[in-house]
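>>> return atomic coordinates for the entry below.
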Amino acid sequence: LISYVHPSAWVNPNPAPRYNLVVIGAGTAGLVTAAGAAGLGAKVALIERHLMGGDCLNVGCVPSKCLIRSSRTVGEVWKASEFGIEIPGGARVNFSAVMERMRRLRAGISHNDSVERFQDLGVDVFLGNGQFIDGETVEVAGTRLKFKNAVIATGARATHPKIKGIETVGYLTNETVFSLTELPPRLAVIGGGPIGCELAQTFRRLGAEVILFHKNSHLLNKEDKDAAEIVQNVFIEEGINLVLSAQINKVEKHDDGKIIYYESAGKSDSIVVDEILIGAGRTPNVEGLNLEAVGVKYDLSKGVIVNEYLQTSNPKIYAAGDICMDWKFTHAADSAARIVIQNALFLGRKKLSSLTMPWCTYTDPEIAHVGIYEPQAKTQGIELDTYFVPLNRVDRAIADGETTGFVKIHTKKDTDKILGATIVASHAGEMISEITLAMVGNIGLKTLSNVIHPYPTQAEAIRKAAEAYNRTRLTPFVKKLFSRWLAWRR
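Okay, here's the model as predicted:
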C-alpha cells in the first residue's frame, strides 16, 4: 500500500513554469480533478502530504466495506438454520484473518490511486505539505508552483470528542481502527450516525460485545424515521446495547479496562470496556494551507466557504469534497470534482445544487436515499403523495428471507414526478440508482411502471410502487367510462 500511495523513494518532479491547475489533496476530489483535467490537456500539479487515495482508500470506504462483507457472512451463518442449513458450533471468526483480507484487498486496489499511475496520466505529483504563498503560488517541500487556478481538496478527519479524560485513556477512530490485529472483546462506539452504526454492527458480528452511545433519541436520526427504526430494531435483536439520549461525562483508565461514566434518560451509570471507537462527525482540514494569504474564507467546523460553482471567496481558487461540502461521500466528491473541471478550465457555470445525490448507509439491511424527505417537504410547503411497498409483498425478498424493509417513493402531489425515495433492503444501495436515474432523466412513476423487471428480484418493489401510482389514475369516473365502453363492446 505505502509503496503505491506514498513511496519513500519518490522524488518530486521539476515544476512546470505555470500550471492550469494546482490541486492540493489527493483524496477522491483531488484525484478526479487532476486526472480529468490532465486528460483534457491541462497542465496539472497534484499535492499530497500523506497518502494518495485519501480517506476512501486508506481509512474509509474500501477497508470498511471489506470488513462489512466479512460481518455479513457471519450474519448469514446466524440465520442459516432458517434456510435448512445446520452449522454445528455456529460461526467462528478469525479476526486477524478478517483484517489481513481487508488490508490485502486494499493494497491491491491502491494501485488505482498510486503516484505512479497519476504520473503516467500526465500529472505532476508532489509529496509534501502544500500551502499558498500568494494568489498565484503554492509552495510544497521547498518548491514553488505557479498556477492559473487552484483547487483545495484536503478533505476532513475524524472529529476529536470533547470528553473529559478521553485523550489520556485513548480511543480509536476510522483512521486507526483498521490497524487492529486483535478483536477488542468489549467495544464502546460513540456516535449513532452512519459511521458509528456501520462499525457497531460489524464489530458485534465479528464477536465483540458492543455498546453504542448516541446523543439523540433514536439511531440514524437524519434518515427516514421508519427506515432508522428498522435498523435500530435489528441492532437490538443482534445484541448491541443501545444507550440513547446519552451524555458521556468522563472516561477513566482502570485495571480492568476503560470506564465510561454517562447519563441517559435522567439516570447516571458507568460501564467498563476494552476500547472506545469514536464515530461522531468530521472536521475539515483547513489548517496549514495559509488561506488567509489568498483571501479564502473558511470556518473551522464547516470548512472552506464556496458558492454554487464551488468557487471560494478568491475567484481563482476552487474547492471540492469534504473540505467544503455537506455531502461527505466519495461519490459526491467525485461529482464535485467534475463541476470544478468544467468551471475552472472552461468558464463553466455548473452548479452543485444541480446534482441529484443518492447515498447509502451500509448496515444490514442497508438504508439508501435520494431526494427529499417527508419532514423536509412539509417545512418547504411541498405536498407529496407517497407510495409504500413493504418487502414482505415482494416474492424474491420472501424467498431470500429478507422481508424486513421497504421501498418508499415520494412524488409531487397529483403527479408522477419523483421528488425522493428511501429503500431499506439487503442491497438497497444497488436499488436506489434506478430511482436516481428516473429523477435525473425526469422520468415519472408512470414510465417506471412500464419498465420490465426480471422476476423474481427485490427491485420489483419499485415497479409495484409505480403500479400503485397507476391505480390512483383509475378514478371512479374513469372506471365508469371504461365500464360503459366495455359493455357497449360486448
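>>> can you list the domain ranges for the protein.
1-52+114-158+283-354, 166-280, 365-476 (the TED database).
>>> start to end distance for the last one?
Its start and end residues considered, domain 365-476 measures 39 Å (C-alpha to C-alpha, to the nearest Å).
>>> same check, this time on stretch 276-283
19 Å.
>>> go through the domains of the chain and name the closest to residue 60.
Residue 60 lies closest, by C-beta to C-beta, to one member of the domains of the chain: domain 166-280, at 6.3 Å. Where you see a C-beta, it was placed from the backbone N, CA and C, and this is true even at glycine.
>>> hmm, back to that, looking at the domains of the chain, which is closest to residue 98?
domain 166-280 (6.4 Å).
>>> first-to-last residue distance for the closest one?
14 Å.
>>> pretty sure residue 383 contacts residue 415?
No: contact between residue 383 and residue 415 fails when scored by C-beta atoms under 8 Å: they sit 10.2 Å apart.
>>> between those two, tell me which one has more neighbours.
For residue 383 versus residue 415, the count of surrounding residues by other C-beta atoms under 10 Å is larger for residue 415: 13 against 9.
>>> can you put the domains of the chain in CSV and add distance to residue 484 and mean pLDDT?
As requested, these are arranged in CSV below (distance: least, C-beta to C-beta, whole Å; pLDDT from 0 to 100):
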stretch, distance to residue 484, mean pLDDT
domain 1-52+114-158+283-354, 47, 97
domain 166-280, 41, 97
domain 365-476, 13, 97
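>>> distance to residue 92 for the ones you listed - can I get that in JSON lines?
Converted to JSON lines, these look like this (distance: least, C-beta to C-beta, whole Å):
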{"stretch": "domain 1-52+114-158+283-354", "distance to residue 92": "28"}
{"stretch": "domain 166-280", "distance to residue 92": "9"}
{"stretch": "domain 365-476", "distance to residue 92": "23"}
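>>> how about residues contacting stretch 472-484?
residue 385 (C-beta atoms under 8 Å, 6 or more residues apart in numbering).
>>> quick one on the thing from earlier: I'd like to know which of the domains of the chain lies nearest to residue 86.
domain 365-476 (15.7 Å).
>>> how far away from the center of its chain is that closest one?
Mean C-alpha position of domain 365-476 versus that of the full chain (C-alpha atoms, centre = their mean, to the nearest Å) differs by 21 Å.
>>> now do stretch 195-205: distance to the chain's middle.
15 Å.
>>> from the rest of the structure, what touches that stretch?
64, 67-68, 70-72, 74-75, 78, 174, 177, 183-184, 187, 189-190, 210, 212, 214, 219-220, 231, 234-235, 238-240, 277, 279-280, 361-364.
>>> where does residue 381 land in three-state SS?
Classification of residue 381 by DSSP: H, G, I helix; E, B strand; the rest coil places it in coil.
>>> quick check: it vs residue 134, distance?
47 Å (C-beta to C-beta, to the nearest Å).
>>> these two: which is more packed in?
residue 134 (12 against 6).
>>> the more buried one reaches residue 290, doesn't it?
No: counting by C-beta under 8 Å, residue 134 stays clear of residue 290, with 9.6 Å between them.
>>> most centrally placed residue in the chain?
Centroid check for the chain by C-alpha atoms, centre = their mean gives residue 329 as the closest residue, at 4.1 Å.
>>> please, which helix or strand holds the residue nearest to that residue when sequence neighbours are not counted?
Among residues not flanking residue 329 along the chain, residue 359 sits closest, at 5.5 Å (C-beta to C-beta, 6 or more residues apart in numbering). Element membership for residue 359, per DSSP states H and E: strand 358-361.
>>> which other helices and strands does that strand contact?
In terms of contacts (3 or more C-beta pairs under 8 Å, 6 or more residues apart in numbering; DSSP states H and E), strand 358-361 is packed against helix 194-205, helix 330-345, strand 366-371, helix 428-440.
>>> turn the ones you listed into TSV, including distance to residue 399 and mean neighbour count.
Output for the helices and strands packed on strand 358-361, formatted as TSV (distance: least, C-beta to C-beta, whole Å; neighbours: other C-beta atoms under 10 Å):
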stretch	distance to residue 399	mean neighbour count
helix 194-205	23	25
helix 330-345	31	22
strand 366-371	19	24
helix 428-440	16	19
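>>> residue 150: which of the ones you listed is closest?
Short answer: helix 330-345, nearest of the helices and strands packed on strand 358-361 by C-beta to C-beta, at 8.7 Å.
>>> packing partners of the closest one?
Helix 330-345 packs on strand 19-24, helix 28-39, strand 143-152, strand 317-319, strand 358-361, going by 3+ C-beta pairs under 8 Å, 6+ apart.
>>> got the buried residues for the fourth one?
Neighbour-count burial for strand 317-319 flags 317, 318, 319 (criterion: 16 or more other C-beta atoms under 10 Å).
>>> now do the longest one
Residues 28, 29, 30, 31, 32, 33, 34, 35, 36, 37, 38 are the ones in helix 28-39 that count as buried (16+ other C-beta under 10 Å).
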